[in-house]
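**Student:** only geometry, no sequence info:
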């Protein structure tokens, strides 16, 4: 039996103990967005610090202007140095009446297909995922007395609240946190049996704007046609955001946008993706994005403009013939490499202002902004992780993109100068952020085994 085989066997034999530690962490209601859970968030941080200390990490709870961070450094070891990131805070549980079990009373639920679900808030996002890595390190320590490479860990307590303290914390502790790469375990597998490394994320800009026309709502019989209708003007503006062929209609929006790299295109063409099923599963059949682009390109590699909500006029029961004086909308843009989110925000505002008549006005409200992130496909550590995952799952690892945005990746790159490697074991039906969140026991188990293999692969020259 090789050393790697011995560590994997230890992880298998001690799965029940690993599961009990996960249950202990889930029982701590570390809801970061609700002030009444402040002490519980700190208690979860202290619990994690103690777990790292058991593994001979130099671990501490670090205060921030919000909830604390946990930082741990393992002994210095030859080879690459990785910083593992995860978050221990969780979403609120409302509406509580939709839960079938106690959100903070974790339990196991056997399923007809032979799978077992770990139930509880944070089981998947991100306590279960976070502990797959910690338990892999525990297995290495138990069998060999050390880790195969140098490992540091950073656990955040505010990810579900938008990570307001993360940027300043990274800036203030940059020298203490720098490593060769950051490992992030907060993403999905490609499908139920296929592991994935996520290599492309879109950026994000969100805006709200409100138009004012007259100084009050008006009677449509007395002022109709002569007075500007705020809702009609709003409809004109948002109707021009996208052209009939799916292109975003804001002048300058595509400046700097490049075609999908051929290496990514080849990887995506290999993926078992059915665009008709993708849309059919949500009751649609016709792609609405840029014509001539594949569905995967539309949702992973092309920028978007989406309208999330509009208001104006009367929408209650019955009918009220008013000409609205105010109307507004909430809009977001998903961005790709080459697009500056702050420039896109200004281009959008200029686009809106260009259609506001001289006797009307508009005001804007800014929300989140983040740059797109893309990882090189030929990095040595990425390729080693890909091979290790393929061996463990007996399925070729997908190098995938995602249409979503993870602002913390930009913080890591800008504050620490480090690229991230995103490997996760969640499944799409984990119900994260929703009632009855679950994590598959097989994901937890094979996630531990996967990290055991990846750490070993990183140690090999």
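**Tutor:** Done, it's in. The model shown is predicted, which means the values in this text are computed figures rather than measured ones. Residues are numbered from 1 along each chain as shown.

**Student:** Break the protein down into its domains, please.
**Tutor:** 3-201+372-459, 203-257+303-370 (automatic domain parsing).

**Student:** And the helices in the stretch 101-250 of the chain?
**Tutor:** In the stretch 101-250 of the chain, the helices defined using DSSP state H, counting those that start in this stretch lie at 127-144, 166-172, 174-177, 220-223, 230-239.

**Student:** tell me the mean pLDDT for stretch 402-419?
**Tutor:** The predicted model gives stretch 402-419 an average pLDDT of 89.

**Student:** likewise stretch 282-295?
**Tutor:** 95.

**Student:** Report the buried residues of it.
**Tutor:** If you call a residue buried by 16 or more other Cβ atoms under 10 Å, then stretch 282-295 has these buried ones: 287, 289-290, 294. (C-beta placed from N, C-alpha, C; glycine too.)

**Student:** now, which of the residues you listed sits nearest residue 153?
**Tutor:** Nearest to residue 153 among these is residue 294, at 38.3 Å by Cβ to Cβ.

**Student:** Run a quick neighbour tally on the residue lying closest to the closest one once chain neighbours are set aside.
**Tutor:** With sequence-adjacent residues excluded and distances taken as Cβ to Cβ, 6 or more residues apart in numbering, residue 294 is closest to residue 275, at 7.0 Å. Taking other Cβ atoms under 10 Å as the criterion, the count of residues near residue 275 is 14.

**Student:** Of the helices of the stretch 101-250 of the chain, flag the one that's most buried.
**Tutor:** Mean neighbour count, computed with mean count of other Cβ atoms under 10 Å, is highest for helix 127-144 among those, reaching a mean of 24.

**Student:** for it, the distance to its chain's centre please.
**Tutor:** Averaged C-alpha coordinates place helix 127-144 at 23 Å from its chain's average position (Cα atoms, centre = their mean, to the nearest Å).

**Student:** I'd like the average pLDDT over it.
**Tutor:** Taken as a whole, helix 127-144 has a mean pLDDT of 98.

**Student:** Also stretch 199-206?
**Tutor:** In this model, stretch 199-206 has a mean pLDDT of 92.

**Student:** For residue 36, state which of the buried residues of stretch 282-295 is nearest.
**Tutor:** Within the set of the buried residues of stretch 282-295, residue 289 lies nearest residue 36; the separation is 42.9 Å, counting by Cβ to Cβ.

**Student:** Return the residues in contact with the closest one.
**Tutor:** Going by Cβ atoms under 8 Å, 6 or more residues apart in numbering, residue 289 touches 246, 295, 297-299, 302, 304.

**Student:** before we move on, the earlier item: identify whichever of the helices of the stretch 101-250 of the chain lies nearest to residue 323.
**Tutor:** Each of the helices of the stretch 101-250 of the chain was scored for nearness to residue 323 using Cβ to Cβ, and the closest is helix 220-223 (5.3 Å).

**Student:** got a list of contacts for that closest one?
**Tutor:** 214, 321-323.

**Student:** now swap in stretch 347-355 and tell me
**Tutor:** Applying Cβ under 8 Å, 6+ apart, the set of residues contacting stretch 347-355 from outside is 205, 207, 209, 233, 236-237, 240, 249-253, 331, 333, 362, 364.

**Student:** Give me the buried subset of those.
**Tutor:** Neighbour counting by 16+ other Cβ under 10 Å classes 205, 207, 209, 233, 237, 250, 253, 331, 333, 362 among those as buried.

**Student:** Looking at these, which is nearest residue 268?
**Tutor:** residue 333 (22.4 Å).

**Student:** Quick check: the closest one vs residue 167, distance?
**Tutor:** Here the criterion is Cβ to Cβ, to the nearest Å. By it, residue 333 lies 21 Å from residue 167.

**Student:** Please apply the same query to residue 376.
**Tutor:** Residue 376 sits 24 Å away from residue 167, taking Cβ to Cβ as the criterion.

**Student:** what do you get for residue 398?
**Tutor:** Here the distance between residue 398 and residue 167 works out to 30 Å (Cβ to Cβ).

**Student:** now swap in residue 200 and tell me
**Tutor:** Residue 200 sits at a distance of 22 Å from residue 167 (criterion: Cβ to Cβ).

**Student:** same question, residue 81
**Tutor:** Remark: distance between residue 81 and residue 167 (Cβ to Cβ) = 22 Å.

**Student:** which residues of the stretch 151-300 of the chain score low on pLDDT?
**Tutor:** Counting by pLDDT under 70, the stretch 151-300 of the chain contains no low-confidence segment.

**Student:** Can you check which of the domains of the chain gets nearest to residue 282?
**Tutor:** Smallest distance to residue 282 across these (Cβ to Cβ): 12.7 Å, for domain 3-201+372-459.

**Student:** okay if I get the contacts of residue 289 as CSV plus secondary structure and distance to residue 372?
**Tutor:** Rendered in CSV, the data for the contacts of residue 289 read as follows (DSSP: H, G, I helix; E, B strand; the rest coil; distance: Cβ to Cβ, whole Å):
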residue, secondary structure, distance to residue 372
246, coil, 19
295, helix, 19
297, helix, 14
298, helix, 15
299, helix, 14
302, coil, 11
304, coil, 12
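
**Student:** Select only the buried ones of those in ChimeraX?
**Tutor:** What follows is the ChimeraX syntax selecting those of the contacts of residue 289 that are buried according to 16+ other Cβ under 10 Å:
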select :246,297,298,299,302,304
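
**Student:** the helices in the stretch 301-450 of the chain, which residues?
**Tutor:** Using DSSP H, counting those that start in this stretch, the helices of the stretch 301-450 of the chain run over residues 341-353, 380-393, 407-411, 441-459.

**Student:** wait, which of those helices is closest to residue 144?
**Tutor:** Distances from residue 144 to each of the helices of the stretch 301-450 of the chain were compared using Cβ to Cβ; the minimum, 10.4 Å, belongs to helix 441-459.

**Student:** just checking, what packs against the closest one?
**Tutor:** In this structure, helix 441-459 packs against helix 3-13, helix 15-26, strand 116-119, helix 127-144, helix 380-393, with contacts taken as 3 or more Cβ pairs under 8 Å, 6 or more residues apart in numbering; DSSP states H and E.

**Student:** Quick check: the two most widely separated of the buried ones among the contacts of stretch 347-355?
**Tutor:** Using Cβ to Cβ, the pair of the buried ones among the contacts of stretch 347-355 lying farthest apart is 205 and 233, separated by 22.4 Å.
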